[in-house]
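Novice: Fold the stuff below for me.
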Amino acid sequence: MQTTPLIVSLADQIVAHIRTDKLSEGDRLVERKLAEQLRVSRSPVRNAMKLLHEAGVLKQGEGGGYMIADVGAAEKLSRESASTEDDEQIYLTIADDRLHGRLPEKITESEFLRRYDLTKGQLSKILLRMANEGWIERLPGHGWAFLPVLTSLQAYEDSYRFRLLIEPAALLEPTFNLNRPALLRCREEQEWLVNGGIWTVSDAKLFGLNSGMHEAIIECCQNSFFIDALNRLDRLRRLIDYRQMLDRNSARERCLEHIELLDLILAGKNEEASRYMARHLEDLGRLKTVAREMRG
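Specialist: Next up is the predicted model:
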């Protein structure tokens, strides 16, 4: 089963529901009611329950569906989720220090531990995430080296100018082949954000959902140069975008635009979608560069 930020977030919310409503082992969870409560379709709720089944929190009922198997496992997951939030703050602090030049180009694990008061377990998880996201790499021996990222306002503005060249054009490529399941999944994630997820999702997860949607669209063009260019740019802009996140009301408006854009593509209206994409990127780039200027 493919695990997405939406599925993980729904699993966390189901665990919170078990704890706050003081549910007991053997109590049945109704997929339809959870979907209504969490304001999503039943499919991601089903996948979230499968994830909790694998974690030992739920078990399958005799007549189908799921019931609570282990309340203790739910409480453990809740504690782990709180720990993950702490790790997220440390991760973002490291990203901010990197952007402001407060960290050297090369750094040892001992220095990470000392600077950020981390356990070795925490550091291992954070370094693995940083390496997977493409902004640090291990050196021979015990050290690590930071990779290039966007740091200046000019480079940030240039990144949007570049996106304006490739993303609208990708929709008009003759090799464009709609990946309907992937874009429907993206639409469901954007709809979840609009319906309330935008207020609880972390900046890092929000970046992942939104950049993942743009990457899913460009992959449909089947032009490897377009695809690789956007993937590389997303890696470069990841850190600066954590600091450029719009306020959540504005971010919700952008998610509504994402849904309109996806609907055009799903309807086969690629020329109209290309024009819409250009307007969307122009507005987004302007909003984010203004926000950066205001932050100094």
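
Novice: burial of the closest residue to residue 202 other than its chain neighbours, as a residue count?
Specialist: Nearest residue to residue 202, sequence neighbours excluded (CB to CB, 6 or more residues apart in numbering): residue 88, at 5.6 Å. (Each C-beta comes from the backbone N, C-alpha and C, glycine too.) Residue 88 has 16 neighbours, counted by other CB atoms under 10 Å.

Novice: Is residue 88 in contact with residue 204, as I believe?
Specialist: Yes: applying CB atoms under 8 Å, one finds residue 88 in contact with residue 204, separated by 6.5 Å.

Novice: For the residue nearest to the spatial centre of the chain, pull up the helix or strand it's in.
Specialist: Here the mean C-alpha position of the chain is nearest to the C-alpha of residue 208 (CA atoms, centre = their mean), at a distance of 2.4 Å. Secondary-structure element containing residue 208, defined by DSSP states H and E: helix 203-219.

Novice: Tell me the buried residues in that helix?
Specialist: By neighbour count with 16 or more other CB atoms under 10 Å, helix 203-219 contains the buried residues 203-214, 216-219.

Novice: Next, find the distance separating the residue nearest to residue 202 from residue 114.
Specialist: Using CB to CB, to the nearest Å, residue 88 is found at 21 Å from residue 114.

Novice: Likewise for residue 273?
Specialist: From residue 273 to residue 114 the distance is 50 Å (CB to CB).

Novice: what about those two, which has more around it?
Specialist: Counting neighbours by other CB under 10 Å for residue 273 and for residue 114 shows that residue 273 has the greater number, 23 against 10.

Novice: Find the residue closest to that one in space, skipping its chain neighbours.
Specialist: Spatial nearest neighbour of residue 273, chain neighbours left out: residue 264 (3.9 Å); criterion: CB to CB, 6+ apart.
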